[in-house]
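*Asks:* Quick one: sequence and predicted model below, then my questions.
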Amino acid sequence: MRKKIVAGNWKMNMDYADGISLFSEIVNMVRDEKNGDQEAIICAPFIHLNSLAKLGGTIVHIGAQNCHQNESGAYTGEISAKMIKSVGCSYVIIGHSERRQYFAETDALLAEKTKAALANGLTPIFCIGETLDERNNGDYFNVIKSQLTNAVFGLAAEDFSKVILAYEPVWAIGTGLTASSDQAQEVHAFIRSEIAAQFGSEIAEGISILYGGSCNPKNAAELFAQQDIDGGLIGGASLKSRDFTDIVKAFNA
Ligand code: PGA
């Protein structure tokens, strides 16, 4: 059975006090709604991670939104996977389209970051997805295949089996334009078939593939009901405790 996961991505939002109060609300609300086979995660800015890990316990797990590929050294302003692990985090988002776009992160760099995360006991939530142009010119399967091939298909099978994937069409992120459940399922099924071709069907069946891009309490249940959609990576709606909790509840709708 694949894990069902709802992961929030706060991005660069929430000062310290606001983050603590939002997270406390989320923990209290999610505690009553989450089933045993579900996982709720909040990926917060670095300043929050230590405090949230202490507050959340096992009810809502904590993730970072990025890590450096090296363990330590003269990289002013950077944070390593080892440091993130040391404050009680279990997850890290790698390869979000905003990192690819604004910080010029390449597939080769993301492959290194993924290895660093795994080597330090963090579960990578690895993001892939096409732009609007790539969707419109029908190139999206190739784009997604090359992101997988160049960044995570080089991992050993045992390592790859620990990764969570997130399909996030760039045109759907923060735009209010959600991929339809059919569009999302089509890509998720494609991703799973590519994993099967690379690593075999047992690993492909075990990997959780999340959908991200304007996922909200209204569309989550239909998306999550698709055969190959195992949850969501939630941006805007993770900044409201009620909305985030309602998305967690969408698995039981
Ligand atoms: P959104 O962001 O839910 O605000 O569209 C999703 C993401 O970027 O992970």
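*Replies:* Arrived safely. Numbering: from 1, shown residues only.
*Asks:* count of residues packed around Gln65?
*Replies:* As a burial measure, Gln65 scores 22 neighbours (other Cβ atoms under 10 Å). For glycine as for every other residue, the C-beta is placed from the backbone atoms N, C-alpha and C.
*Asks:* which stretches of the chain form helices?
*Replies:* 16-31, 46-56, 81-86, 97-102, 107-119, 132-136, 140-151, 157-160, 181-199, 201-206, 220-224, 241-249 (DSSP state H).
*Asks:* Looking at those, spot the one closest to Gln38.
*Replies:* Among the helices of the chain, helix 241-249 comes nearest to Gln38, with 6.9 Å by Cβ to Cβ.
*Asks:* Only C-alpha atoms, please: export that closest one in CSV.
*Replies:* Output in CSV follows, covering the C-alpha atoms of helix 241-249 (Å, rounded to 0.1, in the frame of the first residue of the first chain):
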residue,chain,number,x,y,z
SER,A,241,-5.3,25.7,8.9
ARG,A,242,-8.9,25.0,7.8
ASP,A,243,-8.0,24.6,4.2
PHE,A,244,-5.0,22.4,4.8
THR,A,245,-7.0,20.2,7.2
ASP,A,246,-9.9,19.9,4.7
ILE,A,247,-7.4,18.7,2.1
VAL,A,248,-6.1,16.1,4.5
LYS,A,249,-9.7,15.1,5.1
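*Asks:* orientation of that helix relative to helix 16-31 in degrees?
*Replies:* 40 degrees (axes from the mean of the first three to the mean of the last three Cα atoms, to 10 degrees).
*Asks:* Go through helix 241-249 and flag the buried ones.
*Replies:* Using 16 or more other Cβ atoms under 10 Å as the burial criterion, the residues of helix 241-249 that qualify are 241, 243-249.
*Asks:* right, and the helices of the chain - which one's nearest the ligand?
*Replies:* helix 97-102 (6.8 Å; Cβ to the nearest ligand atom).
*Asks:* which non-adjacent residue is nearest the residue of the chain found nearest the ligand?
*Replies:* Of all residues in the chain, Gly235 sits closest to the ligand, at 2.2 Å by Cβ to the nearest ligand atom. Of all residues not flanking Gly235 in the chain, Asn9 sits nearest, at 5.1 Å (Cβ to Cβ, 6 or more residues apart in numbering).
*Asks:* Residues of the stretch 1-150 of the chain that sit close to the ligand?
*Replies:* Asn9 (Cβ under 6 Å from any ligand atom).
*Asks:* Flag the shaky bits of the stretch 1-150 of the chain, pLDDT-wise.
*Replies:* 57 (pLDDT under 70).
*Asks:* at 80 what do you get?
*Replies:* Applying pLDDT under 80 to the stretch 1-150 of the chain flags residues 1, 33-37, 56-58.
*Asks:* The stretch 151-253 of the chain now?
*Replies:* In the stretch 151-253 of the chain, residues with pLDDT under 80: 252-253.
*Asks:* Would you mind naming what in it lies close to the ligand?
*Replies:* Within reach of the ligand by Cβ under 6 Å from any ligand atom, the stretch 151-253 of the chain has these residues: 168, 173-174, 212-215, 233-237.
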